[in-house]
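Visitor: the sequence and its predicted three-dimensional model are supplied below.
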Amino acid sequence: MLRVHLLLAAVILLGAGTCCKHSESSAPLVVHVLRDPSATFAGKLRRADLQFALTTPHLDSGKGVMIATNEGKSFAMLLQRFTDSPWDILILDSQADLQEDPAIRNQLTKAEVVCGQHPAFISTSVSAEVRQASELYLRFLASHCIADKP
């Protein structure tokens, strides 16, 4: 009889322990964005980021999407270390901000235009899932981050 009670207690504890675990699929996919905090459109981009988060974006698989931005104090220094860091998206004030460094250029896809005329690039090294999330974010910026009219 004691064995039955111990077995029953073990089954209940095991069941309770497994039902409370969160699966990894419930964790959001984080897209890492590198951009210049002193860019002419930085304020509009920050507002668009907040709006994007409020839409509770998600992939076709149902996984949520979160944007993590690194603006840094020295954008030029961060850009020089671009090849050493796991950035998924690079957003520039202008195409001229992109250095002629072939190591950086080789890691970038064709530019997308966001917040008016500002180039944004997705890294060529991202996974298919991160690419889908990055494209979702850039499409949102293209339609919700509108540049000032002259």
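Guide: Yes, it's here.
Visitor: least confident secondary structure element in the chain?
Guide: Every helix and strand of the chain was ranked by mean pLDDT, DSSP states H and E. The lowest is helix 2-19, at a mean of 51.
Visitor: now the strands for the chain?
Guide: 29-35, 65-70, 89-91, 112-114, 118-122 (DSSP state E).
Visitor: identify each buried residue in the last one, please.
Guide: Think strand 118-122. 118, 119, 120, 121, 122 (16 or more other Cβ atoms under 10 Å). Using the backbone N, CA and C atoms, a C-beta is placed for each residue, glycine as well.
Visitor: what's that strand in contact with?
Guide: Contacting residues not belonging to strand 118-122 are listed as 39, 41, 88-95, 98, 108-114, 131, 134-135, 138, 141, 147 [Cβ atoms under 8 Å, 6 or more residues apart in numbering].
Visitor: repeat for the second one
Guide: Strand 65-70 is touched from outside by 28-35, 49, 52-53, 57-59, 78, 87, 133, 136-137, with contacts defined as Cβ under 8 Å, 6+ apart.
Visitor: what subset of the contacts of strand 118-122 is buried?
Guide: Judged by 16+ other Cβ under 10 Å, buried ones among these: 39, 41, 88-93, 98, 108-109, 111-112, 114, 131, 134, 138, 141.
Visitor: give the full set of residues in contact with the residue nearest the centre of the chain.
Guide: The chain has residue 31 as the residue nearest its centroid, 1.4 Å off, counting by Cα atoms, centre = their mean. Taking Cβ under 8 Å, 6+ apart, we find residue 31 in contact with 65, 66, 67, 68, 88, 89, 130, 133, 134, 137.
Visitor: and it, how far from residue 126?
Guide: For residue 31, the distance to residue 126 equals 9 Å [Cβ to Cβ, to the nearest Å].
Visitor: joint contacts of the two?
Guide: Shared contacts of residue 31 and residue 126 (Cβ under 8 Å, 6+ apart): 88, 134.
Visitor: show me where this structure has helices.
Guide: 2-19, 42-54, 75-80, 102-105, 128-144 (DSSP state H).
Visitor: could you give the mean pLDDT of the fourth one?
Guide: Per-region confidence: helix 102-105 scores 76 on mean pLDDT.
Visitor: in that helix, what's buried?
Guide: residue 104.
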